[in-house]
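Student: What follows is a protein structure lacking sequence information:
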Ligand code: HEM
């Protein structure tokens with residue numbers, strides 16, 4: 001191992017350092033942090049992976065253009081030779097798409113009142129569906145997925161699914177198939193030489209390249225139908241949604257344009273992939289946490305009852321009057337760290353972090369879940385304490401350092417405003433209507449699901465009780 005690299009695990013050529021299988025990736029990272037400090041490497045397969053446990057280093061790295069790109073990994077480009085959309089693309093196409101997506105999300109109402117009505121409708125639908133299982137232990141309903149998908153569809157294509165819509169079931173199955181198969185792509189990304197030595201059928205069996213390709217094309221076929229419908233009724237002066245705006249952009253004479261119908265399909269896919277289950281899982285975490293923390297739940301409900309007439313959902317102007325609700329949302333985002341390892345970036349040239357050399361091509365991750373437990377920023381970080389966000393005057397105070405659930409820097413989450421709005425509104429709607437408890441004699445299991453090595457997803461299969469509030 002070259003001596004100017006950060007300390008860490010080096011291992012063997014081609015395979016790198018193969019970890020012991022009975023420990024989670026995060027436990028390994030914690031061990032490495034204890035041994036080496038805030039920056040270390042782990043050679044995984046052919047890649048030098050650099051992990052940052054320090055918020056200052058993470059901010060520095062991710063605001064620098066040296067780390068702006070995504071690695072050319074299958075998991076990001078889904079088999080496309082030149083990556084499209086926004087999550088996995090780089091260069092001019094990424095810049096254009098990111099700018100376009102941010103503008104659209106803003107114009108279509110992210111963080112503004114225009115989308116509030118759609119979020120209210122979906123929150124009310126969720127409450128009605130949960131009412132059907134009130135008073136008994138049950139898993140959270142499928143309606144929670146419908147609600148978040150509908151909000152993205154509303155912005156993207158002006159479409160809303162009903163809970164029982166068979167098209168939605170098809171859509172969800174497609175998402176699940178893709179998510180499941182994508183996990184195996186990581187094997188190919190870490191060990192790309194497998195592609196040279198294994199016959200294609202065996203490679204497909206191990207890395208699911210064909211499954212991902214099929215699921216992606218199924219998705220895109222549906223998107224193309226929706227795009228074709230939009231083309232028929234397009235009014236360039238009155239764009240209804242993101243698809244209309246993209247089609248209008250595509251018709252403009254612009255030498256720097258990177259628009260294409262395939263790119264639009266990727267962009268739509270990215271917004272669903274990054275923006276639906278993330279928000280659903282955060283809402284599920286909220287229910288599970290507050291079921292285990294009745295004191296926090298009661299305090300939240302007291303604030304809601306004092307500020308809003310029962311059954312009225314807030315507008316964004318009401319937020320300052322709901323400091324404890326804001327505090328609960330922030331504390332939940334901190335303690336659960338849904339995007340535990342963020343999304344990986346790549347060094348575009350030989351560069352430096354923390355006095356160490358980082359060679360071009362190294363993969364950088366900020367370990368958000370550990371930054372959210374760093375005792376330099378958080379007292380008793382393992383305690384769920386919304387009060388840490390409240391000032392002595394009883395006001396909500398948004399702490400900045402050490403808090404980065406949506407990442408930091410140039411690729412910080414495009415949908416942060418929308419996600420914050422959804423989680424806030426859903427929390428209000430759900431806890432106005434219900435008190436959640438674990439099933440009798442039990443506690444909710446708040447350990448992340450083991451199925452995802454780089455994120456913290458709740459264990460969805462457990463039951464919870466929703467009691468309708470008198
Ligand atoms: C609680 C919910 C969410 C969390 C915790 C979350 C977190 C993140 C994180 C950590 C990143 C990676 C930043 C980086 O590369 O350094 C990211 C990227 C991204 N997120 Fe989110 N996100 C959420 C919801 C959403 C929503 C609702 C949307 C849109 C509808 C969205 C769209 C995106 C996109 C497009 C990117 C890629 C940005 C780029 O590469 O330039 N996310 N998100």
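Tutor: Structure received. Remember, it's a predicted structure, so these values are computed and weren't measured experimentally.
Student: Would you quantify the distance from the residue of the stretch 301-450 of the chain found nearest the ligand to residue 175?
Tutor: Per C-beta to the nearest ligand atom, residue 415 is where the stretch 301-450 of the chain lies closest to the ligand, at 2.0 Å. Every residue, glycine included, has its C-beta placed from N, CA and C. Residue 415 is 16 Å from residue 175, where distance means C-beta to C-beta, to the nearest Å.
Student: same question, residue 83
Tutor: 20 Å.
Student: how about the residues of the stretch 351-470 of the chain that lie near the ligand?
Tutor: Within the stretch 351-470 of the chain, the positions lying close to the ligand (C-beta under 6 Å from any ligand atom) are 405-407, 411-415, 418-419.
Student: can you tell me which two in those are farthest apart?
Tutor: Using C-beta to C-beta, the two most remote members of those are 411 and 418, lying 16.6 Å apart.
Student: more neighbours, the two?
Tutor: Neighbour count, other C-beta atoms under 10 Å: between residue 411 and residue 418, residue 418 has more, with 24 against 20.
Student: tell me the SS of the more buried one?
Tutor: What DSSP: H, G, I helix; E, B strand; the rest coil gives for residue 418 is helix.
Student: My guess is it contacts residue 116. True?
Tutor: No - using C-beta atoms under 8 Å, residue 418 is not in contact with residue 116, being 11.0 Å away.
Student: Looking at the stretch 151-300 of the chain, which residue is nearest the ligand?
Tutor: As assessed by C-beta to the nearest ligand atom, the ligand sits closest to residue 275 within the stretch 151-300 of the chain, at 2.5 Å.
Student: So for that residue, what's the nearest residue that isn't a sequence neighbour?
Tutor: Distances taken as C-beta to C-beta, 6 or more residues apart in numbering put residue 415 closest to residue 275, at 4.6 Å, once the chain neighbours are dropped.
Student: Give the burial count for the one you found, as a bare number.
Tutor: Neighbour count of residue 415, defined by other C-beta under 10 Å: 23.
Student: Please tell me how far it sits from residue 46.
Tutor: To residue 46, residue 415 is 32 Å away according to C-beta to C-beta.
Student: do you know how far the residue of the stretch 301-450 of the chain closest to the ligand is from residue 225?
Tutor: 24 Å.
Student: which residues does the residue nearest the centre of the chain contact?
Tutor: Residue closest to the average C-alpha location in the chain (C-alpha atoms, centre = their mean): residue 278, at 4.2 Å. Residue 278 sits next to 338-339, 419 when contact means C-beta atoms under 8 Å, 6 or more residues apart in numbering.
Student: Could you look up the SS state of it?
Tutor: Residue 278 falls in the helix class when you classify it by three-state DSSP.
Student: if we can go back for a sec, quick one: the residue of the stretch 151-300 of the chain closest to the ligand and residue 421 touch, right?
Tutor: No - using C-beta under 8 Å, residue 275 is not in contact with residue 421; the gap is 11.9 Å.
Student: low pLDDT regions in the stretch 201-350 of the chain?
Tutor: The model of the stretch 201-350 of the chain has no residue with pLDDT under 70.
Student: For it, what lies in contact range of the ligand?
Tutor: Residues of the stretch 201-350 of the chain lying near the ligand (C-beta under 6 Å from any ligand atom): 270-271, 274-275, 278-279, 282, 338-339, 342-343.
Student: most surrounded residue in those?
Tutor: residue 342 (27 neighbours).
Student: host element of it?
Tutor: Using DSSP states H and E, residue 342 sits in no helix or strand.
Student: quick one: buried residues of stretch 423-439?
Tutor: Within stretch 423-439, the residues that count as buried by 16 or more other C-beta atoms under 10 Å are 423-438.
Student: quick check: mean pLDDT across it?
Tutor: For stretch 423-439, mean pLDDT is 97.
Student: Tell me how far it lies from the chain's centre.
Tutor: In terms of C-alpha atoms, centre = their mean, to the nearest Å, the centre of stretch 423-439 is set 21 Å apart from its chain centre.
Student: Over to stretch 392-406?
Tutor: Put simply, stretch 392-406 sits 20 Å off its chain's centre (C-alpha atoms, centre = their mean).
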